[in-house]
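A.B. asks: test case, fold it:
(2 chains)
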Protein chains: 2
Amino acid sequence: MRISELSRASGVSVASIKYYLREGLLPAGAQSSPTQATYDEGHVHRLRLIRALVDIGGLPIARIRATLAAVDDDGAPLHHAFGAVMHGIDSVPDVEPDVGEVHDWLRAREWAIEDGAPAPYRLAELIGTLRTFGFGVTLSDLDAVADSAYATAELEVGYARAKPTRTAAVESMLIGTVVFERVHAEIRRLALEAVSARP
Amino acid sequence: MRISELSRASGVSVASIKYYLREGLLPAGAQSSPTQATYDEGHVHRLRLIRALVDIGGLPIARIRATLAAVDDDGAPLHHAFGAVMHGIDSVPDVEPDVGEVHDWLRAREWAIEDGAPAPYRLAELIGTLRTFGFGVTLSDLDAVADSAYATAELEVGYARAKPTRTAAVESMLIGTVVFERVHAEIRRLALEAVSARP
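C.D. replies: Okay, the predicted model is just below:
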């Protein structure tokens, strides 16, 4: 299909498609003439993925590029690719908080997290913010949340590993992470409203 | 204190403080001379709140204004203010998805959610996105997530209601919602990495 048809099929404007092509997020189409390229279903699918990362994940283009590189890298073992996805969607904060407490907690849980993963830094930063606002939160208060997250993660990783191709598995992890994260957040908001409506 | 001291105490630049004053997010200081205003601890606190909403919640200025209006409105009953906070941090999407399925699920759970609350629309939109990507998810798959969110919400709302003043209670709900949401998301990412590192 031509770029105008790709735009209709994906719901993404021609201008945005051209931008994603320039930024290397979307692979070039097959050159059908010196001035025209054709695109296929793979392009439609990739555009939907990019839009989910932009609209739902709120990821900037540089993060999306890092994350899609992990999806496209056929060489790495699957669990490396899963880790690369999780690291690609965020970065270590410029001002690094003290992560000692978070690392101790992860070690006690026997959760193997790669050095340089952004999530422990982000978690330490958030705990610091909560304390600034007078919430006397400790990591052991979050054990129940962690147990429940681990149980859900086992289902999600199992689901991704069962996919027929490596790319489909990594994409499934990526979409699962970004979209289910928002699903959980919206359900939390609904629960908070439901509880506060009660006398 | 003067604006330069307020900047040092809060870690927010003078330019940003002036912007928040112009946008009505931060109340004006007491006029100590025709060209000078003085600020107090209340301003430091409000600036920390604004920064948490910007940096952690990723909220645009218009959403922050709507949310802080709910914090400042002393007239409304507390549960209305809690609802207004939850609605202020988001908006109904421009293209409204079909929320019938979500409303049925909420009714079955006996969760009282106000008409016009953004969360049911956002949840319906996310479920639609997951289905586009081949996740065969139904709302009943999310019952365990909802049960656990409800139990946490009871603790959080109880904690907020126990605050000595109305403003402190509403602020606690706001910070709790925006920051704990990210805490849960980071723990989910860590759990996904921990599970995928296992053979």
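
A.B. asks: mean confidence for the helix or strand hosting residue A:188?
C.D. replies: Element membership for residue A:188, per DSSP states H and E: helix A:166-197. Helix A:166-197 comes out with an average pLDDT of 92.

A.B. asks: gap between stretch A:58-72 and the chain center?
C.D. replies: 9 Å (CA atoms, centre = their mean, to the nearest Å).

A.B. asks: any residue of it up close to chain B?
C.D. replies: Yes. Judged by CB under 8 Å from any CB of the partner chain, stretch A:58-72 and chain B are in contact via residue A:58. Just so you know, the C-beta spots here come from the backbone N, C-alpha and C atoms, and that holds for glycine as well.

A.B. asks: residues near residue A:189, how many?
C.D. replies: Applying other CB atoms under 10 Å in any protein chain shown, we find 26 residues neighbouring residue A:189.

A.B. asks: just the helices from chain A, written as ranges.
C.D. replies: For chain A, the helices defined by DSSP state H cover A:3-10, A:14-22, A:41-55, A:61-72, A:78-88, A:100-109, A:118-132, A:143-161, A:166-197.

A.B. asks: I'd like to know which of those is closest to residue B:42.
C.D. replies: For residue B:42, the closest of the helices of chain A is helix A:118-132, at 15.4 Å, according to CB to CB.

A.B. asks: which of the residues in the closest one are buried?
C.D. replies: A:118, A:119, A:120, A:121, A:122, A:123, A:124, A:125, A:126, A:127, A:129, A:130 (16 or more other CB atoms under 10 Å in any protein chain shown).

A.B. asks: just send those residues back as TSV, with pLDDT and distance to chain B too.
C.D. replies: Below are these laid out as TSV (pLDDT from 0 to 100; distance: CB to the nearest CB, whole Å):
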residue	pLDDT	distance to chain B
A:118	95	8
A:119	96	5
A:120	97	7
A:121	96	9
A:122	96	5
A:123	97	4
A:124	97	9
A:125	95	8
A:126	95	5
A:127	95	7
A:129	92	6
A:130	93	6
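
A.B. asks: follow-up on the earlier one: of all the residues in the helix holding residue A:188, which ones are buried?
C.D. replies: For helix A:166-197, by 16+ other CB under 10 Å, it's A:169-197.

A.B. asks: out of the residues you listed, who's near chain B?
C.D. replies: Among these, chain B is touched by A:171-173, A:175-177, A:179-197 when using CB under 8 Å from any CB.

A.B. asks: and the residue nearest the centre of chain A?
C.D. replies: Closest to where the C-alpha atoms of chain A average out (CA atoms, centre = their mean) is residue A:178, at 4.1 Å.

A.B. asks: how far away is it from residue A:1?
C.D. replies: 27 Å (CB to CB, to the nearest Å).
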